[in-house]
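> Need the 3D shape of this:
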Amino acid sequence: MVGLLCFALAVLTLPFRSRLRLEAENAVLRHQLIVLRRRLHGRVRFTNNDRWFFIQLYRWFPSILQVLTILRPETLVRWHRAGFRCYWRWKSRPLGGRPQIETERRVPVPGLGAVWPAIVVGITVFFLVIVASIDLLSVVPANVYG
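Sure, this is the predicted structure:
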(Lines give C-alpha, C1' and ligand atoms only; values in the text may rest on other atoms or scores of the structure.)
Protein backbone atom coordinates (compact mmCIF):
# COMPACT_ATOMS: atom_id res chain seq x y z
CA MET A 1 0.00 0.00 0.00
CA VAL A 2 2.82 2.40 0.93
CA GLY A 3 4.67 1.50 -2.26
CA LEU A 4 1.59 2.18 -4.33
CA LEU A 5 1.16 5.56 -2.62
CA CYS A 6 4.80 6.49 -3.32
CA PHE A 7 4.40 5.44 -6.95
CA ALA A 8 1.26 7.56 -7.30
CA LEU A 9 3.04 10.59 -5.84
CA ALA A 10 5.98 10.05 -8.16
CA VAL A 11 3.68 9.91 -11.18
CA LEU A 12 1.91 13.08 -10.08
CA THR A 13 5.17 15.02 -9.62
CA LEU A 14 6.66 13.76 -12.90
CA PRO A 15 5.49 16.71 -15.08
CA PHE A 16 7.07 19.21 -12.70
CA ARG A 17 10.57 17.80 -12.92
CA SER A 18 12.94 19.45 -15.33
CA ARG A 19 13.91 17.58 -18.46
CA LEU A 20 17.63 17.81 -17.68
CA ARG A 21 17.11 16.33 -14.25
CA LEU A 22 15.20 13.39 -15.74
CA GLU A 23 17.96 12.86 -18.29
CA ALA A 24 20.56 12.92 -15.52
CA GLU A 25 18.62 10.34 -13.52
CA ASN A 26 18.29 8.25 -16.65
CA ALA A 27 22.04 8.47 -17.27
CA VAL A 28 22.76 7.39 -13.69
CA LEU A 29 20.46 4.39 -13.98
CA ARG A 30 22.00 3.36 -17.31
CA HIS A 31 25.52 3.72 -15.97
CA GLN A 32 24.63 1.60 -12.96
CA LEU A 33 23.47 -1.14 -15.32
CA ILE A 34 26.74 -0.91 -17.24
CA VAL A 35 28.74 -1.24 -14.01
CA LEU A 36 26.64 -4.20 -12.87
CA ARG A 37 27.20 -6.03 -16.17
CA ARG A 38 30.93 -5.51 -15.81
CA ARG A 39 31.29 -6.92 -12.27
CA LEU A 40 33.63 -9.79 -11.52
CA HIS A 41 33.14 -12.55 -8.92
CA GLY A 42 30.00 -11.04 -7.45
CA ARG A 43 31.58 -7.75 -6.43
CA VAL A 44 30.99 -4.41 -8.08
CA ARG A 45 34.25 -2.67 -8.99
CA PHE A 46 34.20 1.01 -9.84
CA THR A 47 36.84 2.45 -12.12
CA ASN A 48 38.05 6.01 -11.79
CA ASN A 49 35.91 6.93 -14.79
CA ASP A 50 32.83 5.58 -13.01
CA ARG A 51 33.64 7.60 -9.93
CA TRP A 52 34.24 10.73 -12.01
CA PHE A 53 30.94 10.25 -13.87
CA PHE A 54 28.90 9.88 -10.68
CA ILE A 55 30.65 12.79 -8.99
CA GLN A 56 30.12 15.13 -11.97
CA LEU A 57 26.45 14.26 -12.14
CA TYR A 58 26.17 14.76 -8.39
CA ARG A 59 27.74 18.22 -8.73
CA TRP A 60 25.29 19.24 -11.44
CA PHE A 61 22.22 17.41 -10.11
CA PRO A 62 22.33 16.64 -6.36
CA SER A 63 18.93 14.97 -6.69
CA ILE A 64 20.50 11.88 -8.30
CA LEU A 65 21.22 10.57 -4.82
CA GLN A 66 17.62 9.32 -4.80
CA VAL A 67 18.15 6.97 -7.75
CA LEU A 68 21.48 5.44 -6.73
CA THR A 69 21.03 1.75 -5.99
CA ILE A 70 24.41 0.04 -6.35
CA LEU A 71 26.17 2.84 -4.53
CA ARG A 72 25.36 4.38 -1.19
CA PRO A 73 24.85 8.15 -1.32
CA GLU A 74 27.32 8.59 1.55
CA THR A 75 29.99 6.94 -0.58
CA LEU A 76 29.38 9.34 -3.43
CA VAL A 77 29.53 12.35 -1.11
CA ARG A 78 32.75 10.97 0.41
CA TRP A 79 34.32 10.62 -3.05
CA HIS A 80 33.29 14.18 -3.88
CA ARG A 81 34.85 15.55 -0.69
CA ALA A 82 38.03 13.54 -1.21
CA GLY A 83 38.36 14.91 -4.74
CA PHE A 84 37.79 18.43 -3.45
CA ARG A 85 40.51 17.98 -0.80
CA CYS A 86 42.87 16.52 -3.40
CA TYR A 87 42.24 19.45 -5.75
CA TRP A 88 42.97 22.09 -3.13
CA ARG A 89 46.01 20.21 -1.87
CA TRP A 90 47.33 20.23 -5.45
CA LYS A 91 46.36 23.88 -5.93
CA SER A 92 48.20 25.03 -2.79
CA ARG A 93 51.32 22.92 -3.27
CA PRO A 94 54.71 24.62 -3.21
CA LEU A 95 55.74 25.36 -6.78
CA GLY A 96 59.45 24.94 -6.20
CA GLY A 97 62.00 27.65 -6.68
CA ARG A 98 64.03 29.18 -3.93
CA PRO A 99 63.38 27.67 -0.49
CA GLN A 100 61.71 29.86 2.10
CA ILE A 101 63.98 31.68 4.57
CA GLU A 102 63.30 31.10 8.26
CA THR A 103 61.92 34.02 10.24
CA GLU A 104 64.98 34.20 12.50
CA ARG A 105 67.25 34.74 9.52
CA ARG A 106 65.05 37.46 8.04
CA VAL A 107 65.55 39.71 11.05
CA PRO A 108 67.99 42.48 10.03
CA VAL A 109 71.41 42.69 11.65
CA PRO A 110 71.29 45.26 14.48
CA GLY A 111 73.19 48.44 13.68
CA LEU A 112 73.55 47.64 9.99
CA GLY A 113 70.92 50.23 9.04
CA ALA A 114 73.20 53.12 10.02
CA VAL A 115 76.29 51.66 8.32
CA TRP A 116 74.65 50.34 5.17
CA PRO A 117 74.63 53.60 3.12
CA ALA A 118 78.36 54.06 3.75
CA ILE A 119 79.04 50.50 2.61
CA VAL A 120 77.06 51.01 -0.59
CA VAL A 121 78.84 54.32 -1.32
CA GLY A 122 82.23 52.71 -0.64
CA ILE A 123 81.56 49.80 -3.00
CA THR A 124 80.24 52.15 -5.67
CA VAL A 125 83.29 54.43 -5.46
CA PHE A 126 85.62 51.41 -5.53
CA PHE A 127 84.09 50.10 -8.76
CA LEU A 128 84.01 53.58 -10.32
CA VAL A 129 87.73 53.96 -9.65
CA ILE A 130 88.42 50.56 -11.22
CA VAL A 131 86.37 51.42 -14.32
CA ALA A 132 88.03 54.86 -14.60
CA SER A 133 91.53 53.38 -14.31
CA ILE A 134 90.74 50.84 -17.04
CA ASP A 135 89.50 53.66 -19.25
CA LEU A 136 92.63 55.73 -18.50
CA LEU A 137 94.95 52.83 -19.31
CA SER A 138 93.33 52.38 -22.69
CA VAL A 139 93.83 56.09 -23.52
CA VAL A 140 97.50 56.42 -22.43
CA PRO A 141 99.97 55.60 -25.25
CA ALA A 142 102.06 52.48 -24.83
CA ASN A 143 105.47 54.25 -25.24
CA VAL A 144 104.99 56.29 -22.05
CA TYR A 145 105.78 53.26 -19.94
CA GLY A 146 108.99 52.60 -21.66
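> looking at this, Phe53 is in a strand?
No - using DSSP: H, G, I helix; E, B strand; the rest coil, the secondary structure at Phe53 is helix, not a strand.
> My guess is Leu29 contacts Gln66. True?
No - in terms of CB atoms under 8 Å, Leu29 does not count as a neighbour of Gln66; the distance is 11.1 Å. (Each C-beta comes from the backbone N, C-alpha and C, glycine too.)
> Number of residues surrounding Phe54?
Residues lying near Phe54 (other CB atoms under 10 Å) number 23.
> Would you point out which residue is most central in the chain?
In the chain, the residue lying closest to the centroid (CA atoms, centre = their mean) is Lys91, at 2.7 Å.
> residues in contact with that one?
For Lys91, no residue meets the contact criterion (CB atoms under 8 Å, 6 or more residues apart in numbering).
> Any figure for the gap between it and Arg85?
11 Å (CB to CB, to the nearest Å).
> picking up where we left off before, what about Leu29 and Gln66, which has more around it?
Leu29 (13 against 9).
> quick one: the helices in this structure?
For the chain, the helices defined by DSSP state H occupy 2-13, 19-38, 48-60, 73-91, 103-106, 112-139.
> which one of those helices is the most hemmed in?
Compared across the helices of the chain, helix 48-60 shows the largest average neighbour count, a mean of 15 (mean count of other CB atoms under 10 Å).
> residues in contact with it?
If you take CB under 8 Å, 6+ apart as the criterion, helix 48-60 is touched by 24, 27-28, 31, 35, 64-65, 68, 71, 76-77, 79-80, 83.
> Stretch 68-80 too?
Outside stretch 68-80, the residues that reach it (CB under 8 Å, 6+ apart) are Val28, Gln32, Val35, Leu36, Val44, Phe46, Arg51, Phe54, Ile55, Tyr58, Arg59, Leu65.
> Over to stretch 33-40?
Defining contact as CB under 8 Å, 6+ apart, one finds that stretch 33-40 is touched by Val44, Arg45, Phe46, Asp50, Ile70.
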